[in-house]
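J.: okay, sequence plus prediction incoming.
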Amino acid sequence: MIGSHCAEHFAKKKNKVIVIDNLLRSAIFGSKDKSVEYNWQYLSKLPHIKLIKKDVRDRAEMLRVFVKEKPDVVIHTAGQPGVKYSLENPFEDYEINATGTINVLEALRKANKRGKFIYTSTNKVYGNNVNALALKSQPKRYLFKHIKGINERFSIDLTGHTPYGVSKLTGDLYAQDYAQIFDIKSAIFRMSCIYGTRQFGFEDQGWLAWFVIRFFQGNPVTIYGDGKQVRDILWVGDLIKAFEAFLSRDFRYKGEVFNIGGGGGNTISLLELIEILERLTGRQVPVHFGPWRKFDQKVYISDITKAKKLLKWQPMVSPHEGLQRLYAWVSQNGHLFKKKTGEKT
Ligand SMILES: NC(=O)c1ccc[n+]([C@@H]2O[C@H](COP(=O)([O-])OP(=O)(O)OC[C@H]3O[C@@H](n4cnc5c(N)ncnc54)[C@H](O)[C@@H]3O)[C@@H](O)[C@H]2O)c1
């Protein structure tokens, strides 16, 4: 999803864009429906884009493609993004997220040492340390009691992680290290919740899109916990503006880490999301509650002060507007999400 929006954005500006993906997403989430394939087809119709179906785990192939194409900029979004999948398939998770990242970094270093590299990291690198923070409880949401958000100095150590958190952190550290050791101009964006059109959300990843799609279908949703968990959410177009801000100036920072998300001004709890979707769709769906999941952060809000200051950037799309846009896209493409007869919900 993020990669496809980056490709579209930069191709529209007449940059030559090469997209590498092995189209694994649907399989990762056990879906027989199309997800990443839709984006692949969508991009195939746009000018200035070349699609290469390859696996980032294939070191020799990455090197071959990079040496041939000599990219100036690499936005590394290929990844296994599901926590549940990582718990069930830790080796595959590691090989895609960690080994895949060093393969891409190394291919860039060999093909174009002056190239810029963006790594799409995650709030999960902070793991369970986030849950040690004191919370205050309001009727429909939790909030941090003493801080507004998590900044880049928050500890990644002495915390319970998930395999996903570890494999993404490994890529994050390599991206930092390649800047320090090999002078690669990298930036690491630790993202909370990114959402946008062409997002085929599943319960385990892309949860905002998942809720929107379920409401569109009139299907039940399950909330793990009491629904007061909070995230800051960022429209994908705003994320790309942050990437662009890093790429467009001759950036003097290297290996810089940015916590990026909607920040304190763009947060939402699950209970609030349900209310917004009920208003937006004029529909109610059954809401089931399950036990808290061990690996979930109760509240995650990014402190985006550093990104605002260094990148002269700020989020523009409010949760309300973003959700409207996402619901409009899902409705306009209803055939992709139609509930099938006899489908298990
Ligand atoms: N969306 C979010 O809220 C969010 C938050 C934090 C971090 N991230 C990270 O951002 C990146 C992009 O996320 P997204 O939401 O666009 O997810 P996505 O699943 O839409 O994109 C990941 C892409 O990587 C591809 N892929 C998987 N394994 C591959 C492999 N071995 N070789 C090549 N391609 C492979 C998938 O087919 C998919 O198209 C991921 O790395 C994810 O960990 C996303």
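T.: Yep, it's here.

J.: Leu326 and Phe211 touch, don't they?
T.: No. Taking contacts as CB atoms under 8 Å, Leu326 lies outside contact range of Phe211: 9.7 Å. Where you see a C-beta, it was placed from the backbone N, CA and C, and this is true even at glycine.

J.: verify the contact between Gln217 and Ser331 for me.
T.: No. In this structure, Gln217 is not within contact of Ser331 by CB under 8 Å, at 11.0 Å.

J.: looking at these two now, which is surrounded by more residues?
T.: Taking Gln217 and Ser331 together and counting by other CB atoms under 10 Å, Gln217 has the greater number of neighbours (18 against 12).

J.: for the residue in the stretch 51-200 of the chain that the ligand sits nearest to, phi and psi?
T.: Closest to the ligand within the stretch 51-200 of the chain is Gly79: 2.5 Å, counting by CB to the nearest ligand atom. The phi and psi torsions at Gly79 (degrees, to the nearest 10) take the values phi -180, psi 170.

J.: tell me the contacts of Tyr224?
T.: When contacts are counted by CB atoms under 8 Å, 6 or more residues apart in numbering, Tyr224 touches Phe289, Gly290, Pro291, Trp292, Arg293, Asp296.

J.: can you do 6 Å?
T.: Remark: with contacts taken as CB atoms under 6 Å, 6 or more residues apart in numbering, Tyr224 is in contact with Gly290, Trp292, Arg293.

J.: for it, report the pLDDT, please.
T.: At Tyr224, the model reports a pLDDT of 97.

J.: likewise for Glu92?
T.: Predicted confidence (pLDDT) for Glu92: 98.

J.: which of the three states applies to it?
T.: Three-state secondary structure (criterion: DSSP: H, G, I helix; E, B strand; the rest coil) places Glu92 in helix.

J.: spatially nearest residue to it (excluding sequence neighbours)?
T.: Nearest residue to Glu92 in three dimensions, chain neighbours excluded: Gln80, at 6.8 Å (CB to CB, 6 or more residues apart in numbering).

J.: SS state for the one you found?
T.: When states are read from three-state DSSP, the local structure at Gln80 comes out as coil.

J.: count of neighbours near it?
T.: As a measure of burial, Gln80 has 23 neighbours, counting by other CB under 10 Å.

J.: cool, Lys306 as well?
T.: 17.

J.: and the residue of the stretch 51-200 of the chain closest to the ligand, how far from Glu92?
T.: Gly79 sits 12 Å away from Glu92, taking CB to CB, to the nearest Å as the criterion.

J.: cool, Leu46 as well?
T.: The value you get for Leu46 to Glu92, if CB to CB is used, is 31 Å.

J.: more neighbours, these two?
T.: When Leu46 and Glu92 are compared for neighbours, Glu92 comes out ahead with 17 against 14, by other CB under 10 Å.

J.: now that one: how far from Gly82?
T.: Noted for Glu92: a distance of 11 Å to Gly82, by CB to CB.

J.: same check, this time on Arg231
T.: Here the criterion is CB to CB. By it, Arg231 lies 16 Å from Gly82.

J.: what residues does the chain put near the ligand?
T.: 1-3, 21-25, 36, 55-57, 77-81, 96, 100, 120, 122, 168, 191, 193-194 (CB under 6 Å from any ligand atom).

J.: buried subset of the residues you listed?
T.: 1-3, 21-22, 24-25, 36, 55-56, 77-81, 96, 100, 120, 122, 168, 191, 193-194 (16 or more other CB atoms under 10 Å).

J.: mind checking which of these are in helices?
T.: Cross-referencing these with the helices (criterion: DSSP state H) gives Ile2, Gly3, Arg25, Val36, Gly100, Lys168 as the overlap.

J.: got CSV for those residues, with pLDDT too?
T.: Written out in CSV, the entries for those read as follows (pLDDT from 0 to 100):
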residue, pLDDT
Ile2, 98
Gly3, 98
Arg25, 94
Val36, 93
Gly100, 98
Lys168, 98
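
J.: my guess is Trp292 meets Asp226, correct?
T.: No. Taking contacts as CB atoms under 6 Å, Trp292 lies outside contact range of Asp226: 8.2 Å.

J.: neighbour count: those two, which is higher?
T.: When neighbours are counted by other CB under 10 Å, Trp292 and Asp226 differ, and Asp226 comes out ahead with 15 against 11.

J.: distance of that one relative to the ligand?
T.: Taken as CB to the nearest ligand atom, to the nearest Å, the spacing of Asp226 relative to the ligand amounts to 22 Å.

J.: quick check: closest non-adjacent residue to that residue.
T.: Nearest in space to Asp226, with sequence neighbours left out and distances taken as CB to CB, 6+ apart, is Phe289 at 7.2 Å.

J.: quick check: what element follows the host helix or strand of the one you found along the chain?
T.: Secondary structure here is read from DSSP states H and E; on that basis Phe289 sits in strand 287-290. Towards the C-terminus, the helix or strand next in line after strand 287-290, according to DSSP H and E, is strand 299-300.

J.: contacting residues around that following strand?
T.: When contacts are defined by CB under 6 Å, 6+ apart, strand 299-300 is touched by residues Asn123, Val130, Tyr142, Phe144, Ser192, Val230, Arg231.
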